[in-house]
Each structure stands twice: as C-alpha cells, then as structure tokens.
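The sequence and its predicted three-dimensional model are supplied below.
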Amino acid sequence: MRYLLVIGIFYAHLGAFDTETAAKIYNTIFTALDKSGSVDVYTDDEEYKTVVFQAPNLRLSETSQEASIILQTKKGTRYHHDKIIFTTNYRILRQNSDIIGAFYWSKGRPQIIFIRPRLEKKKITLPDNFKKYIVDTL
Amino acid sequence: MKFNFFKIILLILLPILTFVSYYVKTSLSTNLEKARQNISYYQHKEVNAFAKNIEEHLLEKTTNTPLSMLKSSSELRDTIEDELSILMTQKYRYIFVVYKDDKNFRFLLDGSIEDKSEFNSIFLPEDMAVWKEVCHVKKPRIIEQTKINSLWKSYLYPIVIDDKAVAFIVIDFSAQEALKLTEIMDPIVNVATYMNIFLLVTLIITYIFVLLNLTLKKRVEETAEELKLLNESLEIRIEEAIKENQKKDKMLQQQSRLALMGEMISMIAHQWRQPLGAISASTFALQLKAVSPKLDFSKEEDRSVFITFLDETLDKVGENVQFLSTTIDDFRTFFQSDKKMQTVPFKEPLSRALKIVEASLQTHNIELIIDIKSERTILMYPNELMQVILNIIKNAEDVLMYNNIEEPKIKLVIHDTSDGVTLDIIDNGKGIEEKIIDHIFDPYFSTKDEKNGTGLGLYMSKMMIEDHNHGTLEVRNIDDGVCFSITLKAS
C-alpha cells in the first residue's frame, strides 16, 4: 500500500496520469473492500475503464447491476444503494452519502478517504493498514 | 639504464598522482556537500522568512484571530487566497493553510487556482506522524520528499497563539537548486573518484609487477647460480666419466690381450711342436749312431764319420733352437705396446701376424691366399694392426673349423682404395647371420661359447683401428663367407 502511494506521488509530481500505477492502486483498494478475490467493477468513465481493465484482480462489468463496486467519476449519476460506491472526487464524496470513500490527488499528494459511518452502514471492514484513511466525518 | 630511470619515475610519480587525485576527489566531495548544505541553509532561511511574512500578514488581516475569522468569513478567505496565489511561483508551488480539529487536518486557505481544495475539506498528509509532531512541538519543520528524489520539500510553519498551534502555513518549495548543483558536480566528483580508483589500481598493479619482477630476478639469479654449479660439477663428472671410460677401455684391452695370450700360448705350443720333434729326433739319431755296431770308434775312419754326423745333427738342433727363439721373439714383440706410430707398408704387420698363425692354419689344412697389390706405406701402430689381423684370422679359422668347410680358405688382399689402403680378410665360412651382423663389434657380443669367446676381440679391434689408427674396420657378407676390410689412410 505504502509502495503504491509512493509510486502515485512520483507520477503525480510528474503531472501524468499513469494507468498502470492507477490500476495497481485501485486493485489494492477494491480488493480490500471486496475480499471475494475477483472484484467486478463498473465505471462509465472511459479512462478508468482502462485502469480497471489493467488491474489484475478487477473485472470490468458492463452494467452497474452486475458489479460489486461502482467507481463514480462524475457528479449527478445515482447508482443502486446496495452497491459499494467509490469515487475519484472529494466533492462527489461529500455530496453523495451513499459513497463510502474516495481516492484523489490534492496538492500533489494522494488522498484516500473512507467514511466510517458509511462503511459501517455497508458492513464493510477494512484491513488494519487502511485504518489511517478512515475518517468519522467530512 | 633507461628503463630503470623510467621505472623509478613511475614508482615515485604514481603514488603522488594517486594521492593528488584522492585529495581532489575528497575536497570536491566535501565542498559539494558544504555547498549543498549552504544552499539548503539559505533556502530554509528564506522560506522561513517567507512563511513569517505570510503569518504576519494573516494575523494582521484577522486581528490575531485567524481561525475564527477565516472560518466565519468566506470573503476574507477569498481575499487572502488571492494574495497567496500571487506569491505562488515555480519555486513556491503550493501555499496553503490548514488547521487541525480533533482528529484531522482541514483546509483553511488554499492559494492554488487549478487544484484548489475546498475550505474545511479533509487533508491527509502521507507523513501524518511528522505533522502531528509539529503540532505538538509548535516549531517549524522541513519535510523532505525523499521518496521522489527530494525534488520538493514542504515547509510546515505553525501559527502559535497563546502557546497553541492554531493553524499551519504549508509551503511546498522546490529543492532543485541543490539538486542542480549535485547534477553538475556529481559527474566531476565521479570522474575524480574513477581517476583515483584507476590510479590506485595502477599503483597496486605496478607495485605487484615490481615485486614479481624482483622475485623473478632473484629466482633467475638463483637458477643461474645453480646452473653454474651444475655445469661445473657436470664438467667434473664428465671428466670423471671419461677417465672411468678410459680405465674401462684399458681393462677391456687388458682382458682382450689376456684372452689372446691364452690362444698365443696354444699357438706357441703348436709352433714349437715341430722344431722340438726335430731336436728330439736329432738327439735320438745321435744316440743311435753312437751305439751303432756298424761304427768302430777305434778306427780313424769311423770316428771321422761320427764326428761329421754329430756336426750335422748339432747344426740341425741349432737351427731348430734358433727357430724356437725367433718364435718367442715374435710373440714378445706382439705383447709389447707401440709407443710411436710408424710409417710401414700394410704387409709388415700382416706378415708378422702370419708367422704366428701360419702353422695353426697349415695344421687345419686351411689354404692361405695372399695377394699384395699395394706397397704404399701407412702411418700406424704396427703391433695393434698385427693384433687386429690376428684376431680376424683366428676368428676365420674358428668358423671354418666349426662349420667343417670342405675346402677352407682365407684370402688376404692388400689394395689401394679412394680412402687409402685396404686389407680385405676373406673367408669361405658361410658368413654371418644378417640379424647379428650389426652387433658383432659390440662389447661382450660373441657367437662362440663362453669357454672360447670373451666377446671383446672385435670390439677391441674396431677401437684400435678407428680410435687409435684413425681408419675404418667394416664387415660384409659375400657369396660364401665374410669379408673384413681394414682401411687406413695412406701417408
């Protein structure tokens, strides 16, 4: 996890979106959220589709119903309440109470945030190394 | 001499060069580190002054209550954020202010325009522990981003009011000035380091070679000394071996002579048999005449007849005694060593040898054919030649007898050749087997039984002809026998 973040920082400083690195980071986050081994992910963002496609333990779902995790990148879209929804934007995370967490860049630093009440609501337990990213409120 | 001079120069120059390069490399590294520290020091000082100015401005704008005023006034936030954005350059990439609630850091102000964070949004620094420590100790701190090659540094400046860190000014600034210096200087330091290593290795190799050279030189000298000693001892050993060989040859010669002497004695006995018989017959005839009834010694006439008979008989006895004496002289001459070489014709040693062996040949009905075609004189040791001729003739006689040859013959031919004068001794004794013919001159090689042969006769003969008289002794099979050829250079 730490290693992935370091890679993330490096590429963020270079100012490039590196699909391979993003794939590794999302692979780690999503396999921590869904421990079934192979995670079905849905996203309507073409760039993130490539990311999911390159992640070794993630499978790209064609519909949000088939997916176990939904990666939301844009405002406005509403997905099923029972799905785990993750976002790439702090504002979306704040606006939609169904979203359990976000991964985004702020001031060249990777930001991973999980909201405890939302995790509890979805009965999601994260591994110990994710505890430092869990916040009570936004 | 020239080589040694260069070697000495090299041995002196190399350590000096190595030391100089080491000194250059060390001082370069030290100075680079110092320069880097200086750059960092002044940069940190500058950032600190920069942060202080921001703090002062902030406190001035918020009348020393930054947290409550900024939280409550979005207009004030916007104004200060605009001011902060003006301060942001390529060197000062991000300038923002955060505060800490019970658990998390949250954005208070953000000077960024593109990547602007919302007021009060959560900020999770990757090195949270360090941030919390600054919060606790209330002292500014530089956080190096070592994981991305220290391209950027963060300056975390706490705004302390009433001994409490109410907010933190965060300035992300570039550390590239120090890095640029490193980029420029590192290759130079590396070159100096490689140069130093190269010189050091060269120095070590040179010293090893010099050491090896000295060791080798010493070893060569030792080996040369050993060789010299060996050579000296070899000369002594060769000399000793030659002496030993000469001694051995003398012994062999003596042995050969003794063997021949045995044969001589039998030949003397043979030679003496006839004159002794004649003497015996004469004395017996004298006795018979003395007691003969036909003679009356009272008569003058008979006494005269007896005296005449006595004179004749004594003359015969005298002749025979003379013959015996001559025979002894001949043999005595044979056993005398030649002290000087003499210039004589080949027939001389031949006739002397024949005198000794003739009687024995006659007894065995061996026909002797002598053909002297050359009267040229030769420089030789006659007695040695006589001994050789005798040896070969005796061997021929033994072979003829052993093989029961019906008409045994020995032919002696003296003739001129391109090399000098040659004596061929030819017999019709069936020859020598081809497989042994090359070995007949080897010492202790004999076809006779132990009683009759020592295996030294022909070996000594070859030695006497070739080593003493500088001639050749060769053998070859002919139609019905063998031919020994003694060739000596004519004088």
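The structure has been received and is ready for your questions. Bear in mind the structure is a predicted one, so any value in this text is a computation, not a measurement. Numbering: from 1, shown residues only, chains lettered A, B, ... in the order given.

measure the residue positioned nearest the centre of chain A to B:I426 for me?
Residue closest to the mean C-alpha point of chain A, counted by Cα atoms, centre = their mean, is A:F86 at 4.6 Å. Computed with Cβ to Cβ, to the nearest Å, the distance linking A:F86 and B:I426 is 130 Å. The C-beta positions use only the backbone N, C-alpha and C, and glycine is treated the same way.

any idea how far the residue nearest to B:S174 when sequence neighbours are not counted is from chain A?
Sequence neighbours aside, B:K91 is the residue nearest to B:S174 in space, at 5.1 Å (criterion: Cβ to Cβ, 6 or more residues apart in numbering or on different chains). For B:K91, the distance to chain A (Cβ to the nearest Cβ, to the nearest Å) stands at 15 Å.

Which pLDDT value goes with B:K91?
The score at B:K91 is 88. That number is its pLDDT.

Pull the number of nearby residues for it.
Using other Cβ atoms under 10 Å in any protein chain shown, the number of residues around B:K91 comes to 16.

Equivalent analysis for B:M195, please.
Using other Cβ under 10 Å: B:M195 sits among 17 other residues.

Does chain B have contacts with the host helix or strand of the residue nearest to the centre of chain A?
Here A:F86 sits within strand A:84-87, counting by DSSP states H and E. No: Strand A:84-87 stays clear of chain B (Cβ under 8 Å from any Cβ of the partner chain), getting no nearer than 13.6 Å.

B:P349: what's it in contact with?
B:380, B:382-383, B:385-386, B:389 (Cβ atoms under 8 Å, 6 or more residues apart in numbering or on different chains).

Run through the helices of the chain in chain order.
This is for chain A. Counting by DSSP state H, residue ranges of the helices within chain A are A:2-14, A:19-33, A:46-54, A:90-95, A:116-121.

wait, I meant chain B there
So, for chain B - with DSSP H - the helices run B:2-61, B:66-72, B:74-87, B:128-137, B:176-290, B:300-335, B:347-363, B:382-402, B:434-437, B:457-463.

now the shortest one, how far from the centre of its chain.
Centroid separation for helix B:434-437 versus its chain: 41 Å, with Cα atoms, centre = their mean, to the nearest Å.

Only C-alpha atoms, please: export that helix in PDB.
The C-alpha coordinates for helix B:434-437 follow below in PDB (Å, rounded to 0.1, in the frame of the first residue of the first chain):
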ATOM      1  CA  GLU B 434      72.200 -60.700 -41.100                       C
ATOM      2  CA  LYS B 435      70.300 -60.200 -37.900                       C
ATOM      3  CA  ILE B 436      73.500 -60.100 -35.800                       C
ATOM      4  CA  ILE B 437      76.000 -58.600 -38.300                       C
END
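
Now that helix: average pLDDT?
Helix B:434-437 comes out at a mean pLDDT of 89.

mind listing what's buried in it?
When neighbours are counted by 16 or more other Cβ atoms under 10 Å in any protein chain shown, no buried residue of helix B:434-437 is found.

rewinding a little: indicate which one of the helices of chain A is closest to chain B.
Of all those, it is helix A:2-14 that lies closest to chain B, at 4.7 Å by Cβ to the nearest Cβ.

what mean pLDDT does the closest one have?
Rounded mean pLDDT across helix A:2-14 is 43.

do the same with stretch B:258-266
Computed over stretch B:258-266, the average pLDDT equals 71.

now do stretch A:90-110
91.

do it and chain B meet at all?
Yes: residues of stretch A:90-110 contacting chain B under Cβ under 8 Å from any Cβ: A:90-91, A:94, A:105-110.

so what's B:K25 up against?
So B:K25 contacts B:189, B:192-193, B:195-196 (Cβ under 8 Å, 6+ apart).

For it, give its distance to chain A.
32 Å.

Can you tell me which of the residues of stretch A:90-110 next to chain B is nearest A:L33?
Using Cβ to Cβ, A:P110 comes nearest to A:L33 of these, at 17.0 Å.

and B:P382, what does it touch?
B:338, B:342, B:344, B:348-349, B:352.

ok, and the most crowded of those?
Counting by other Cβ under 10 Å, top hit in those: B:P349 with 25 neighbours.

pLDDT weak spots in the stretch 151-300 of chain B?
The stretch 151-300 of chain B contains residues with pLDDT under 70 at B:257, B:260, B:263-264, B:266-267, B:270-271, B:274.

Which residues of it lie near chain A?
So the stretch 151-300 of chain B meets chain A at B:151-152, B:170, B:172 (Cβ under 8 Å from any Cβ).

By neighbours, which of the residues you listed wins?
B:V170 (25 neighbours).

show me what contacts that one?
Contacts of B:V170 by Cβ under 8 Å, 6+ apart are A:107, B:94-98, B:154-157.

6 Å instead, please
B:96, B:156 (Cβ atoms under 6 Å, 6 or more residues apart in numbering or on different chains).
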